[in-house]
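# Fold the following and give me the result.
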Amino acid sequence: MSLLVDRRADHAVLTLAAPPRNLLDGALLDGLLRALAALAADGAPPLLLTAAGRHFSTGYPIAAIPESIFHADPAVRAGDPFERVMQALWDYPAPILAAIQGDAYGGAVELLCCADLRVAVPTARFAVPALRLGLVYSPTGMRRLQSAFGAPLARELLLTGEPIGARRALRAGFLCRLAAPERLAAAGGDLMASLLAAAPGALRGTRRSLRLLEAAEPLAPALLAEIAALRHAAWQSEDFREAQQAFLEKRPPRWQDR
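Here you go, the predicted model:
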């Protein structure tokens, strides 16, 4: 099973359980969708996101990135399982914590951006290497990165594709604290206890209010359509096909458009 769900008396723990990479493949995304829907219908308890193994998650399988995530039609994009999971996390009624025991890459970083509080081990790294695949990241994902990391660091992550360490992520506010590996579970438990000390209605109302404020001032439809066209063109490009092949062959890509 690629996702473990532990429903406790006052909160729930969701564990990505497909080590070592915990890829955001169809099985894991489907499990997350079903779990989030079931928990939302069962009182919407606060959530703790964890992962098993070396990595938190290395993101989407490189060899199987679907066109739907990069489609020019917003309805097609919204129906993709990855986008549905991100939206379900973003809209979940109660706060979400994340205890990060290893590296997170690509879509896994966006997944973590959907959490409200994040604690990590000092060795954790975070990277969004879409450009190194010849792709343009989604505007909703960019907005979430900007909200979680701040605009300057989000710009660096997106434009360079280089990983940043946990200490830099802590200074930027993406992480609220660091914990040694043997203390990570306890640190996550301490944060959850702080949440559970609040009035449940006020907790949910505050999270919803913060989400509404973060979603303010959306781009005009024409600008969103321009971004969508750029993303779809990148997915259709020879550079993306070359990047996929280079990844499988463990070599640098040979870009055509220089």
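
# What residues sit buried inside stretch 135-151?
For stretch 135-151, burial by neighbour count (16 or more other Cβ atoms under 10 Å) applies to 135-149. To be clear about C-beta, it is placed using only N, CA and C from the backbone, and glycine gets the same treatment.

# Any figure for the gap between Arg177 and Ala99?
10 Å (Cβ to Cβ, to the nearest Å).

# what about those two, which has more around it?
More crowded of Arg177 and Ala99, by other Cβ atoms under 10 Å: Ala99, with 26 against 13.

# Can you tell me the SS state at the more buried one?
What DSSP: H, G, I helix; E, B strand; the rest coil gives for Ala99 is strand.

# low-scoring pLDDT stretches of the stretch 151-258 of the chain, where are they?
Across the stretch 151-258 of the chain, the ranges flagged by pLDDT under 70 are 216-217, 257-258.

# hang on, Ala234 packs against Leu135?
Yes. Ala234 is within contact range of Leu135, at 4.9 Å (criterion: Cβ atoms under 8 Å).

# which residues do the two both contact?
Phe70, Phe240 (Cβ atoms under 8 Å, 6 or more residues apart in numbering).

# returning to that earlier point: can you list residues touching both of Arg177 and Ala99?
By Cβ under 8 Å, 6+ apart, Arg177 and Ala99 have these common neighbours: Val119, Ala187.

# residue ranges of the strands in the stretch 51-200 of the chain, please?
In the stretch 51-200 of the chain, the strands defined using DSSP state E, counting those that start in this stretch lie at 96-100, 104-105, 117-120, 125-127, 164-165, 177-178.

# Dump these into JSON lines; add distance to Glu226 as well.
JSON lines is the format used below for these (distance: least, Cβ to Cβ, whole Å):
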{"stretch": "strand 96-100", "distance to Glu226": "32"}
{"stretch": "strand 104-105", "distance to Glu226": "27"}
{"stretch": "strand 117-120", "distance to Glu226": "32"}
{"stretch": "strand 125-127", "distance to Glu226": "26"}
{"stretch": "strand 164-165", "distance to Glu226": "29"}
{"stretch": "strand 177-178", "distance to Glu226": "39"}
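
# leaving aside the residues next to it on the chain, what's closest to Leu184?
The spatially closest residue to Leu184, leaving aside those adjacent along the chain, is Ala99, at 5.4 Å (Cβ to Cβ, 6 or more residues apart in numbering).

# just Pro200 next, same as before
Per Cβ to Cβ, 6+ apart, closest to Pro200 is Ala94, 7.8 Å.

# gap between Lys250 and Arg171?
33 Å.

# quick one: secondary structure of Leu4?
strand.

# Let me see the contact set for it.
With Cβ under 8 Å, 6+ apart, Leu4 has these contacts: Val13, Leu14, Thr15, Ala17, Ala52.

# Just the buried ones from the residues you listed?
Neighbour counting over the contacts of Leu4 (16+ other Cβ under 10 Å) leaves Val13, Leu14, Thr15, Ala17, Ala52 as the buried ones.

# which one among these gets closest to Ala78?
Leu14 (22.4 Å; Cβ to Cβ).

# is that closest one in a bridge, and if so with what?
Leu14 has these beta-bridge partners by DSSP bridges: Val5, Leu49.

# For it, give its distance to Ala234.
Between Leu14 and Ala234 the computed distance is 31 Å (Cβ to Cβ).
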